[in-house]
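1. The following block contains a protein sequence and its predicted model.
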Amino acid sequence: MRRLLLAAALLLAVSCGSTTAYADRRRAVRSVPNQEWARGAVFYEVFVRSFADSNGDGIGDLNGLIAKLDYLNDGNPATTADLGIDGIWLMPIFESPSYHGYDTTDYETIERDYGNNADFQRFLQEAHKRGIRVILDLVMNHTSSEHPWFIESASSTASPKRDWYVWSATDPGWRQPWGGDPSWHLKNGAYYYGVFWSGMPDVNYRSPEAKAEMFRIARHWLSEGVDGYRLDATRYLVEDGPGPGQADTPETHQVLRELSAEVGKQRPDAILVAENTVDTRTMATYFADGLMNFDFPLASAVLEGVNSGNANRIRDTLRDVITAYPAGAIDAPFLTNHDQTRLATVLGNSGGKARNAAAILLTLPGAPFLYYGEEVGLQNGPTSADESKRTPMPWSASGGFTTGTPWQPYAPGLTVNNVASQTNDPQSLLSYYRNWIAARKRSAGLMRGNIIPLETGAQILAFVRDSGDERVLVVHNLSDSSVNAGPMNASASGFETIYIDSGVSGPTGSSGAWRVALPARSSGAWRLR
């Protein structure tokens with residue numbers, strides 16, 4: 001989604017009546033070689049442990065996920081019963097001593113709770129048969145302290161793998177860059193660096209051997225058929241000092257550029273989507289490394305705007321993106337993920353707000369990511385622990401995740417927030433997600449266009465999406481009242497409806513001064529002629 005546009009000055013002008021301005025905007029959207037398939041694609045984040053259990057042990061597995069693929073995309077464009085996603089991001093699936101998998105002990109073996117390597121190959125084949133791309137969580141910043149590499153590294157100062165991790169004879173005294181616990185941990189008379197905690201020692205990317213081995217692992221899974229990676233904790237790869245020196249270093253960017261080159265040689269169409277919890281301008285620097293980036297600032301702005309009924313911060317954040325991001329970059333907008341309180345809970349379980357957030361996300365440029373269960377309003381569990389953010393997928397009013405006892409209890413709201421109850425209800429949140437995903441796929445502007453925010457009142461988020469061959473007007477009412485939005489400065493001789501919520505009417509008026517009548521928390525998208 002990035003470089004959504006050209007320049008701030010052009011944005012502020014937003015006079016859609018200028019032919020020259022639109023020509024400039026079209027030139028500003030440059031293709032990303034071999035990765036254009038991702039621009040406009042809709043991804044779905046899956047925690048395998050919580051998605052579907054095939055054998056009744058209470059733990060989700062790959063065979064359970066395979067059985068549910070038709071729910072995500074059945075491979076038939078003519079059907080409307082599936083969600084319609086284009087890609088899946090699998091949270092860690094490699095061997096690990098933890099439930100979450102972010103402390104890997106073997107990067108080449110599927111976690112036994114989930115199945116085996118043959119099950120994964122069958123999953124890949126079934127996903128690809130349906131046109132679903134698959135990206136894996138590659139946790140390359142750190143391993144588990146139980147990984148054989150680390151056990152060998154810690155065994156002796158003379159170990160051939162000693163420099164695969166970062167060691168110091170004395171405690172440097174650094175603390176986590178976000179102001180938390182110590183970053184250095186004592187073992188066998190020396191201190192090793194682990195920015196997250198002692199059970200996750202950081203890999204030393206100044207070691208040519210360690211770096212080469214991690215790059216080999218990345219090439220290996222690409223050769224097995226995966227379509228790319230979500231890169232965990234990207235900004236912390238190489239540290240050069242305490243405090244801010246533990247993140248966003250020049251050497252981190254260099255490692256990422258090298259990784260991107262290795263991935264590109266193995267699979268030119270593979271994508272890398274990075275987790276960088278930074279401001280927009282800092283995030284912009286990571287696109288030059290060959291990455292897509294999860295848009296944390298925009299996610300925060302959307303949630304705040306939907307909750308408050310005020311679109312100003314969303315509009316300002318989009319303008320920051322337009323100004324800062326390089327041409328041709330592909331953004332990865334999202335609402336919440338596995339580390340955050342679930343969307344439904346953040347929005348107070350408001351159906352109107354949930355629809356607002358969904359419609360905004362699915363009309364933004366880039367490759368939007370949904371977190372499993374968001375489409376049915378899955379609430380957070382009862383605690384602030386990560387497990388409560390990763391509870392079992394609610395397939396039916398009685399659960400449907402397993403025939404046994406689920407590894408975690410179902411979240412509140414199960415009788416309403418489940419797939420079976422919403423599948424055949426045209427007014428359900430699930431149907432709403434399906435409708436907007438389908439609308440996105442019908443429109444070149446919504447799939448590939450840059451974005452031009454329009455000046456409106458605080459309650460309205462309006463913008464034009466321009467792909468060069470199609471312009472689309474999008475209007476969202478973030479308030480709890482009906483609004484007659486406008487006038488909006490978009491030149492057009494007419495409109496063709498792509499998708500509108502019930503009760504939305506318009507646009508009316510004249511070119512450059514259009515108005516749209518929107519009920520509370522409603523949205524619409526129109527092709528401009």
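-> Yep, it's here.

2. Just the CA atoms of stretch 323-339, as CSV, please.
-> Below are the C-alpha coordinates for stretch 323-339, written out as CSV (Å, rounded to 0.1, in the frame of the first residue of the first chain):
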residue,chain,number,x,y,z
THR,A,323,4.7,11.4,2.1
ALA,A,324,7.2,8.9,3.6
TYR,A,325,6.8,5.6,1.7
PRO,A,326,8.8,4.8,-1.4
ALA,A,327,7.2,4.3,-4.8
GLY,A,328,5.9,0.8,-5.5
ALA,A,329,6.0,-0.4,-1.9
ILE,A,330,3.2,-2.8,-0.8
ASP,A,331,1.8,-2.1,2.6
ALA,A,332,0.3,-4.8,4.9
PRO,A,333,-2.6,-3.1,6.8
PHE,A,334,-4.3,-5.0,9.6
LEU,A,335,-6.5,-4.4,12.6
THR,A,336,-5.1,-6.6,15.4
ASN,A,337,-2.9,-9.6,15.6
HIS,A,338,-1.9,-12.4,18.0
ASP,A,339,0.0,-10.0,20.4
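
3. burial count for the residue nearest to residue 402 when sequence neighbours are not counted?
-> Using C-beta to C-beta, 6 or more residues apart in numbering and skipping the chain neighbours, the partner closest in space to residue 402 is residue 53 (3.7 Å). C-beta here means a position set from N, CA and C on the backbone, and glycine is covered the same way. By other C-beta atoms under 10 Å, the residues close to residue 53 number 26.

4. where do the strands sit along the stretch 51-200 of the chain?
-> 87-90, 94-95, 106-110, 133-138, 167-168, 184-187, 190-193 (DSSP state E, counting those that start in this stretch).

5. Spatially nearest residue to residue 160 (excluding sequence neighbours)?
-> Leaving aside its chain neighbours, residue 160 sits nearest to residue 152 (7.6 Å; criterion: C-beta to C-beta, 6+ apart).

6. Give me the neighbour count for that neighbour.
-> 15.

7. same thing with residue 243?
-> 12.

8. same question, residue 440
-> Neighbours of residue 440 (other C-beta under 10 Å): 23.

9. what about it, which helix or strand?
-> helix 429-441 (DSSP states H and E).

10. Please compute how far the helix or strand following that helix lies from its chain's middle.
-> Going down the chain from helix 429-441, the next helix or strand is helix 444-448, by DSSP H and E. Offset of helix 444-448 from its chain centre (C-alpha atoms, centre = their mean, to the nearest Å): 18 Å.

11. So which elements touch helix 444-448?
-> For helix 444-448, the elements it packs on are helix 429-441, strand 460-466, strand 471-477, judged by 3 or more C-beta pairs under 8 Å, 6 or more residues apart in numbering; DSSP states H and E.

12. what about those, which gets the closest to residue 372?
-> Minimum separation from residue 372 across the helices and strands packed on helix 444-448 (C-beta to C-beta) falls at helix 429-441, 12.0 Å.

13. CA atoms only: put the closest one into CSV for me.
-> Taking Å, rounded to 0.1, in the frame of the first residue of the first chain, the C-alpha atoms of helix 429-441 are listed here in CSV:
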residue,chain,number,x,y,z
LEU,A,429,-20.4,-9.9,10.4
LEU,A,430,-19.1,-12.9,8.5
SER,A,431,-21.3,-12.1,5.5
TYR,A,432,-20.1,-8.5,5.7
TYR,A,433,-16.4,-9.6,5.5
ARG,A,434,-17.3,-11.9,2.5
ASN,A,435,-19.1,-9.0,0.8
TRP,A,436,-16.3,-6.5,1.1
ILE,A,437,-13.6,-9.1,0.1
ALA,A,438,-15.7,-9.9,-3.0
ALA,A,439,-16.2,-6.2,-3.8
ARG,A,440,-12.4,-5.7,-3.5
LYS,A,441,-11.8,-8.4,-6.0
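
14. so where does the residue lying closest to residue 341 once chain neighbours are set aside fall, helix or strand?
-> Sequence neighbours aside, residue 380 is the residue nearest to residue 341 in space, at 5.2 Å (criterion: C-beta to C-beta, 6+ apart). Element membership for residue 380 (DSSP H and E) is empty, with no helix or strand holding it.

15. Residue 380 touches residue 411, doesn't it?
-> Yes - the pair residue 380 / residue 411 is scored as a contact, 6.4 Å apart, by C-beta atoms under 8 Å.

16. tell me the pLDDT at the residue nearest to residue 341?
-> On pLDDT, residue 380 comes in at 98.

17. Torsion angles phi and psi at it?
-> Dihedral pair for residue 380: phi -70, psi 150, per degrees, to the nearest 10.

18. what's the neighbour count on it?
-> Neighbourhood size, residue 380 [other C-beta under 10 Å]: 21.

19. Do a quick rundown of the strands in the stretch 301-450 of the chain.
-> Here the stretch 301-450 of the chain has its strands, by DSSP E, counting those that start in this stretch, at 331-332, 369-371, 450-453.

20. Out of those strands, the one nearest residue 58 is which?
-> Each of the strands of the stretch 301-450 of the chain has some distance to residue 58 by C-beta to C-beta; the shortest is strand 369-371, at 21.4 Å.

21. Output the contacting helices and strands for the closest one.
-> strand 43-46.

22. Name the residues that touch the strand it packs on?
-> 65, 72, 83, 85-91, 135, 332, 337-338, 367-372 (C-beta atoms under 8 Å, 6 or more residues apart in numbering).

23. Contacts only, for the residue sitting nearest the centre point of the chain.
-> Residue closest to the mean C-alpha point of the chain, counted by C-alpha atoms, centre = their mean, is residue 369 at 3.9 Å. Counting by C-beta under 8 Å, 6+ apart, residue 369 makes contact with 42, 43, 44, 45, 89, 294, 332, 333, 334, 337.

24. Enumerate every residue touching residue 230.
-> Counting by C-beta under 8 Å, 6+ apart, residue 230 has contacts 89, 135, 136, 137, 138, 273, 274, 275.

25. if we can go back for a sec, for the helix holding residue 440, give me every contacting residue.
-> Applying C-beta under 8 Å, 6+ apart, the set of residues contacting helix 429-441 from outside is 40, 42, 80, 82-85, 351, 354-355, 358-359, 362-363, 370, 374-377, 419, 422-423, 425, 446-447, 498-499, 525.

26. at 6 Å instead, please
-> For helix 429-441, the external contacting residues (C-beta atoms under 6 Å, 6 or more residues apart in numbering) are 42, 83-84, 354-355, 358-359, 362, 375-377, 422, 446, 498-499.

27. just stretch 57-68 next, same as before
-> 48-54, 113-115, 119-120, 123, 126, 402, 404-407.

28. Please pick the buried ones from the residues you listed.
-> Among the contacts of stretch 57-68, the ones that count as buried by 16 or more other C-beta atoms under 10 Å are 48-54, 113-115, 119-120, 123, 126, 402, 406-407.

29. just checking, which of the residues you listed belong to helices?
-> 119, 120, 123, 126 (DSSP state H).
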